[in-house]
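*Asks:* quick one, structure for this:
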Amino acid sequence: MGGVLEKGGLGDVGVWTFAFEGHPAGAVREAAAEIEELGYGALWYGEAFGRDAVGQAWLLLSATRHMVVASGIANIAFREPLTLAAAERTLGEAFPGRYLLGLGGHRVDDTVSEVDGYPVPTRGKALTTMRRYLDSMDAAPAHGPVPDPAPRRVLAALGPKMLELAAERTWGAHPYFVSVEHTARARKIMGPDAFLGVEQAVVLDTDIDRAREVAARHVGFYVTAAPHQAANVRRLGFGDEDIAGGRPSRRLVDAIVAYGDCDALHARVREHLEAGADHVCVQVLTGDPAALPLPQWRELAPALLGG
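*Replies:* The predicted model follows:
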């Protein structure tokens, strides 16, 4: 199927951010338009407790002209599959070929917090739940215009079984908080044809001690607050000594976050691409997580997009 969602349509490098959730719509529109003008191929956004994934997609798609906008991810614990299927069709029709739906979340017995608010009877094992969620989306009744090209989906896959499901049932996978080694493993599991778009956290700062401190806070948060991420780094060979007490080892920090100057960050992106990624979306970390990292996006663009 043609259109900008061919593998090359996203380009090698995109932007990934949580920062939009804390800023007014006008500032988000301006930032999205500038990201597109800088030449990034795709704009990925997270979903926490600010704007919902569908509303954020409308905001970003309406502020841009040709760039792919991708949810990274829309949490399946927050919405019924029928509702999300309808939203996916609507966005696909309104912005042909430009919306990429990333699916994931924690609709699982032991990891869904009370704030997710999803009824306990619908929860189950992650793989079974995701398979059934996809089944329900596919079975949702469709009326009205048919999007052309059809919208694409990716899964927030980390473990081998979820990566297999991503290759089997969707366009591919969007692994978050991963190393280059994970990218190589994912490509081997998924085969040569499935799309693999990986998130890479970076700190653009030539003060290496300060950069490493920002990186360590990021890694420490995830291995403490996200059991699935802690389990994934264990699959990659990291142990208690690397994650104990939310104080990640330098070895783990260096595997997950690239930090330093533009050349160092560009080198990590190239490593992912050489390991099998089709696309790398760069999440800029700074000392102020709430700030829009526009200066860093601007500075990185020539290095990351220049080949």
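*Asks:* for the residue nearest to residue 48 when sequence neighbours are not counted, which residues are in contact?
*Replies:* Excluding the flanking residues, the one nearest residue 48 by C-beta to C-beta, 6 or more residues apart in numbering is residue 21, at 6.2 Å. All C-beta atoms are positioned from the backbone trio N, CA, C, and that covers glycine. The contact partners of residue 21, by C-beta atoms under 8 Å, 6 or more residues apart in numbering, come to 46, 48, 49, 50, 51, 56.
*Asks:* if we go to 7 Å?
*Replies:* Going by C-beta atoms under 7 Å, 6 or more residues apart in numbering, residue 21 touches 48, 50, 51.
*Asks:* looks to me like it is in a helix.
*Replies:* Yes. Counting by DSSP: H, G, I helix; E, B strand; the rest coil, residue 21 is found in a helix.
*Asks:* for residue 71, see how far away it is.
*Replies:* Residue 21 sits at a distance of 13 Å from residue 71 (criterion: C-beta to C-beta, to the nearest Å).
*Asks:* how about residue 224?
*Replies:* Taking C-beta to C-beta, one finds residue 224 at 25 Å from residue 71.
*Asks:* please identify the helix or strand for residue 199.
*Replies:* Assigning secondary structure by DSSP states H and E places residue 199 in strand 195-204.
*Asks:* buried residues, the helix or strand just after that strand. List them.
*Replies:* Scanning forward in sequence from strand 195-204 by DSSP H and E, the next helix or strand is helix 208-225. For helix 208-225, burial by neighbour count (16 or more other C-beta atoms under 10 Å) applies to 211-220, 222-224.
*Asks:* want to throw those residues into TSV with pLDDT and distance to residue 237?
*Replies:* Listed next are the buried residues of helix 208-225 as TSV, based on pLDDT from 0 to 100; distance: C-beta to C-beta, whole Å:
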residue	pLDDT	distance to residue 237
211	98	24
212	98	21
213	98	24
214	98	24
215	98	19
216	98	19
217	97	23
218	97	20
219	98	15
220	97	19
222	95	17
223	96	14
224	94	19
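*Asks:* which among those residues gets closest to residue 266?
*Replies:* residue 211 (15.2 Å; C-beta to C-beta).
*Asks:* spit out the contact partners of the closest one.
*Replies:* By C-beta under 7 Å, 6+ apart, residue 211 lies in contact with 203, 205, 259, 260.
*Asks:* one more time with 8 Å, if that's ok
*Replies:* With contact set as C-beta under 8 Å, 6+ apart, residue 211 has these partners: 203, 204, 205, 259, 260.
*Asks:* where does the stretch 101-250 of the chain have low pLDDT?
*Replies:* By pLDDT under 70, the weakly predicted segments of the stretch 101-250 of the chain are 106-124.
*Asks:* all strands of it, in order?
*Replies:* With DSSP state E, counting those that start in this stretch as the criterion, the stretch 101-250 of the chain has strands at 152-155, 172-173, 195-204.
*Asks:* next, the buried residues of the first one.
*Replies:* Using 16+ other C-beta under 10 Å as the test for burial, strand 152-155 gives 152, 153, 154, 155.
*Asks:* wait, the third one sits on residue 169?
*Replies:* No. Between residue 154 and residue 169 there is no contact under C-beta atoms under 8 Å: 10.4 Å.
*Asks:* tell me the pLDDT at the residue nearest to residue 48?
*Replies:* Residue 21 carries a pLDDT score of 90 in this model.
*Asks:* quick thing: my sequence starts at 33, can you match it?
*Replies:* All right, first residue 33 from here; so that's residue 53.
*Asks:* any idea how far it is from residue 105?
*Replies:* Taking C-beta to C-beta, one finds residue 53 at 14 Å from residue 105.
*Asks:* repeat that for residue 324.
*Replies:* Using C-beta to C-beta, we find residue 324 at a distance of 21 Å from residue 105.
*Asks:* circling back: and of the strands of the stretch 133-282 of the chain, who's closest to residue 57?
*Replies:* Closest to residue 57 of the strands of the stretch 133-282 of the chain, according to C-beta to C-beta: strand 227-236, at 24.2 Å.
*Asks:* export that closest one to CSV, keeping only CA atoms.
*Replies:* The C-alpha atoms that make up strand 227-236 are tabulated as CSV, following Å, rounded to 0.1, in the frame of the first residue of the first chain:
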residue,chain,number,x,y,z
PHE,A,227,8.4,-2.0,10.7
LEU,A,228,10.6,-1.3,13.7
GLY,A,229,10.5,2.2,15.1
VAL,A,230,12.5,2.6,18.3
GLU,A,231,12.6,5.4,20.9
GLN,A,232,16.0,6.6,21.9
ALA,A,233,16.4,9.0,24.9
VAL,A,234,19.2,11.5,24.5
VAL,A,235,20.8,14.4,26.5
LEU,A,236,22.4,17.0,24.4
